[in-house]
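Novice: Sequence first, predicted coordinates after that:
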Amino acid sequence: DGVLNKEIKSMLLVCLRAAQVRLRPAQVRQCVAQVMLRPAQFRKRK
């Protein structure tokens, strides 16, 4: 699960970077929620 955690953290960083550019806090929370709810999908993509 160490690798999966790294993937989740990288996705969260993407969310946060997007937040600094254009997303509202509510959208950031939604992005984070999607990352946390769907770790299996991120694993399948790679």
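Specialist: Good, I have the coordinates.
Novice: got any ranges where the chain has weak pLDDT?
Specialist: Within the chain, the stretches with pLDDT under 70 are 1, 23, 39-46.
Novice: can you pull out the helices in it?
Specialist: 2-21, 25-37, 39-45 (DSSP state H).
Novice: how about those helices in a markdown table, adding mean neighbour count?
Specialist: Bear in mind the C-beta positions are built from the backbone N, C-alpha and C, glycine included. Output for the helices of the chain, formatted as a markdown table (neighbours: other CB atoms under 10 Å):
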| stretch | mean neighbour count |
| --- | --- |
| helix 2-21 | 12 |
| helix 25-37 | 13 |
| helix 39-45 | 11 |
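Novice: can you pull the contacts of V35?
Specialist: I8, M11, L12, C15, F42 (CB atoms under 8 Å, 6 or more residues apart in numbering).
Novice: What is the most widely separated pair among the residues you listed?
Specialist: Using CB to CB, the pair of the contacts of V35 lying farthest apart is C15 and F42, separated by 12.6 Å.
Novice: want to throw the contacts of V35 into CSV with distance to R22?
Specialist: Shown next, in CSV, are those (distance: CB to CB, whole Å):
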residue, distance to R22
I8, 22
M11, 17
L12, 17
C15, 12
F42, 22
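Novice: do you know how far L37 is from R22?
Specialist: 23 Å (CB to CB, to the nearest Å).
Novice: That should have said V35, apologies.
Specialist: V35 is 18 Å from R22, where distance means CB to CB.
Novice: can you check G2 too?
Specialist: 32 Å.
Novice: From what I see, L12 and A33 are in contact.
Specialist: No - applying CB atoms under 8 Å as the test, L12 and A33 come out as separate, 10.8 Å apart.
Novice: what sits in contact with each of those two?
Specialist: By CB under 8 Å, 6+ apart, no residue touches both L12 and A33.
Novice: correct me, but I8 touches M36?
Specialist: Yes - assessed by CB under 8 Å, I8 is found in contact with M36 at 7.2 Å.
Novice: dump the residue contacts of the residue nearest to V32 when sequence neighbours are not counted.
Specialist: Counting by CB to CB, 6 or more residues apart in numbering, C15 is the residue found nearest to V32 once chain neighbours are left out, at 5.6 Å. Applying CB under 8 Å, 6+ apart to C15 gives the contacts L23, V28, C31, V32, V35.
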